[in-house]
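Participant: Predicted model, plus sequence, below.
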Amino acid sequence: MDLSGKKIAILVDNVYQEMEVWYPLFRFQEAGATVVTIGAKAGEIYTSKLGYPVKCQMSYDDAKANEFDGVVVPGGYAPDHIRRHPKANQFVRDMDTQGKLVAAICHGPWVLCSAGGMLKGRKATSFFAIKDDVVNAGAHWVDAEVVVDNNLVTSRKPEDLPAFCKSAIQVLAGVLV
């Protein structure tokens, strides 16, 4: 599917899961989207669990939900760092409120738990170790490779990335809503 003209944010911080940043980044680029990495400090280099670097292109201070079509929250332990920034949580909440793609994989739903109640009454999945957090945030947790609830796309682990990206692209293209 063609995502030309779409702009996607990928949230980044230290100890991210490599595949959960790079696979979606390249997949969305292949589909024609512009992808921007967003973190606490523009220009900062964040390292993955294995030390692989990613450069943050934009800060939470400068990110505006109305300038993006979707956001991806990767896993690893980065989400625990990301959700400590109120502006990151607000960005994700604003994306959801505007009905835009919010996609989170593995530990990524930790950010959704901190994003102003956006999981209440919704179906979602995550890495099994944070199931209680997702449930306590009000979601109906489902053990599936991908769960789509309108604009919300969640998956459990790196092995789910093909289904995760396929569903996220379909939501962006207006096929799954």
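Facilitator: Sure, I can see it. As the structure is a computational prediction, the values presented were derived from the model and not from experiment.
Participant: going forward, measure contacts between C-alpha atoms and count neighbours the same way
Facilitator: Fine.
Participant: Bridge partners for residue 70, pull those for me.
Facilitator: Taking DSSP bridges, one finds residue 8, residue 101 as the beta-bridge partners of residue 70.
Participant: Isn't it up against residue 8?
Facilitator: Yes: here residue 70 lies in contact with residue 8, judged by Cα atoms under 8 Å, at a distance of 4.8 Å.
Participant: Look up how far residue 55 lies from residue 40.
Facilitator: Going from residue 40 to residue 55 by Cα to Cα, to the nearest Å gives 11 Å.
Participant: the more surrounded of the two?
Facilitator: More neighbours sit around residue 40 than around the other of residue 40 and residue 55, counting by other Cα atoms under 10 Å; the figures are 21 against 18.
Participant: phi, psi of that one?
Facilitator: The main-chain torsion angles of residue 40 are listed as degrees, to the nearest 10 and equal phi -60, psi -40.
Participant: ok, the nearest residue to it once chain neighbours are set aside - contacts?
Facilitator: Ranked by Cα to Cα, 6 or more residues apart in numbering and with sequence neighbours excluded, the top spatial neighbour of residue 40 is residue 59, at 5.2 Å. When contacts are counted by Cα atoms under 8 Å, 6 or more residues apart in numbering, residue 59 touches 38, 39, 40, 41, 42.
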